[in-house]
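Trainee: For reference, the sequence and a predicted model appear below.
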Amino acid sequence: MKANSPLSLWKKCFFTIVIFFFFVAVMYLPCEVIYRLSQGIPVYLFNEPLPHDETVRPEGDTRTMDFNSVHYYEIFQKSENPILFYEPKPGFSKGAVQINADGFRDREFALLKPEETTRIVVLGDSVIWGHGIILADTFAKQLEHLLNERLDGNYEVLNFGVSGYSLQQEVEQYIARASQFDPDISILGLCVNDAVYSSVEGDFFKAQDGSLFSKSYLLSDLMVKIDQVLYDYFGVPGKYLQHVVDVPTQMARLKDASPDVSWLILMFPRLDNLDNYKSLTDHRVLTQPARNLGFSVRDLLADYQNHSAEELSIDPIHPNRLGNTIAAEAAYDALLQNGMIQSSEQNRIVK
């Protein structure tokens, strides 16, 4: 009897690959389910009402904003505006998150600006929104306090920041909503990831119309960690950077939509490795088009480099109360230097 001939090398490789992918396919479903259950993420997102966390959280409890718990699906809803894509739920309230009747994270404001009032609107992503902090500690509210404490007159600073928004969404937020409140001054707080379309919040709503196979949260979490390691140690751009915002076009849209409004662009740095900063290219990509159009720009990197990351941050992206205090002081200084506001002494001289 003729002995069976051994498999060739290519056949061995082929069967090894087939077995590997079969094993991955079989293991994917239970691993994804276990991951979602462990992180509090709904297992099924399609054609079912989203679950609601009935837990009553005391005022000041920031856990509703915890990225890992994915409670963001409670705070936000799909938007009828295709560019915004999602938006805060008007009237939502839980713990440290209160959304007003007009759908932004702040107290209630009249659409008609009060007499003798200077109104400032602030746009941005989770840094401006105030991830992980109470409303009073956010940049907008600290700036409002500074202005009213140090200057004559009345100042309102409206927080239109929305967690996860890209620059395109921030510009649309101004055009569609913030501009309706008749601002005298507008501030755009930029973060290094604002040139990227993808976000935790947006990805959730993209996956809502699909099944377990429409988005793997387990894989996404692994990819985020891998991307961070590659970026931190080898300077390799993240996986989403192929899908970036056209920054000059969006800045031009903002300029055209607000010919009579004074603008201040604040560039918020990453808060890790401040002494050996690696994201200056991201700063230039976001701020140079604004400078080219005549916007006033203040990069906060130098302001933050006087402090350690531990003093300033909740995580590598989001500033804590002190980080926002420093940003508010820098913005106040920039507004004065650019003649957008006048000190009480300057007002007396003018009079």
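Mentor: That came through, no problem. Numbers count the residues shown, from 1 in each chain.

Trainee: What about W10, how many residues nearby?
Mentor: W10 has 8 neighbouring residues, counting by other CB atoms under 10 Å. All C-beta atoms are positioned from the backbone trio N, CA, C, and that covers glycine.

Trainee: To clarify, my last question referred to E149.
Mentor: The burial count for E149: 8, using other CB under 10 Å.

Trainee: What are the phi and psi values at it?
Mentor: E149 has phi and psi values of phi -80, psi -40 when expressed as degrees, to the nearest 10.

Trainee: what does P90 give?
Mentor: Torsion angles, degrees, to the nearest 10, at P90: phi -60, psi 130.

Trainee: contacting residues around it?
Mentor: Counting by CB atoms under 8 Å, 6 or more residues apart in numbering, P90 touches 99-103.

Trainee: Counting only helices, which of those residues make the cut?
Mentor: Among the contacts of P90, DSSP state H puts none in helices.

Trainee: Type out the ChimeraX command that picks the buried ones from those residues.
Mentor: What follows is the ChimeraX syntax for the buried subset of the contacts of P90, where burial is set by 16 or more other CB atoms under 10 Å:
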select :99,100,102,103
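
Trainee: how about CSV for the contacts of P90, with pLDDT added?
Mentor: Shown next, in CSV, are the contacts of P90 (pLDDT from 0 to 100):
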residue, pLDDT
I99, 97
N100, 98
A101, 98
D102, 98
G103, 98
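
Trainee: will you turn the contacts of P90 into a markdown table that also has distance to V33?
Mentor: As requested, these are exported to a markdown table (distance: CB to CB, whole Å):
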| residue | distance to V33 |
| --- | --- |
| I99 | 31 |
| N100 | 37 |
| A101 | 38 |
| D102 | 39 |
| G103 | 34 |
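
Trainee: From the contacts of P90, pick the one nearest N276.
Mentor: I99 (38.5 Å; CB to CB).

Trainee: In this structure L143 contacts A330, no?
Mentor: No: using CB atoms under 8 Å, L143 is not in contact with A330, being 9.8 Å away.

Trainee: Of the two, which one has the most company?
Mentor: More neighbours surround L143 than the other of L143 and A330, with 25 against 20 (other CB under 10 Å).

Trainee: what's the offset of the strand or helix carrying the more buried one from the middle of its chain?
Mentor: L143 is part of helix 139-150 when elements are defined by DSSP states H and E. On the basis of CA atoms, centre = their mean, to the nearest Å, helix 139-150 sits 22 Å off its chain's mean C-alpha point.

Trainee: would you put the C-alpha positions of it in PDB?
Mentor: The C-alpha coordinates for helix 139-150 follow below in PDB (Å, rounded to 0.1, in the frame of the first residue of the first chain):
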ATOM      1  CA  PHE A 139     -14.200  76.600  30.600                       C
ATOM      2  CA  ALA A 140     -17.300  78.600  29.600                       C
ATOM      3  CA  LYS A 141     -18.600  79.000  33.200                       C
ATOM      4  CA  GLN A 142     -15.200  79.900  34.600                       C
ATOM      5  CA  LEU A 143     -14.700  82.500  31.900                       C
ATOM      6  CA  GLU A 144     -18.200  83.900  32.500                       C
ATOM      7  CA  HIS A 145     -17.300  84.300  36.200                       C
ATOM      8  CA  LEU A 146     -14.000  86.100  35.400                       C
ATOM      9  CA  LEU A 147     -15.700  88.500  33.100                       C
ATOM     10  CA  ASN A 148     -18.500  89.500  35.500                       C
ATOM     11  CA  GLU A 149     -16.100  89.700  38.400                       C
ATOM     12  CA  ARG A 150     -13.500  91.900  36.700                       C
END
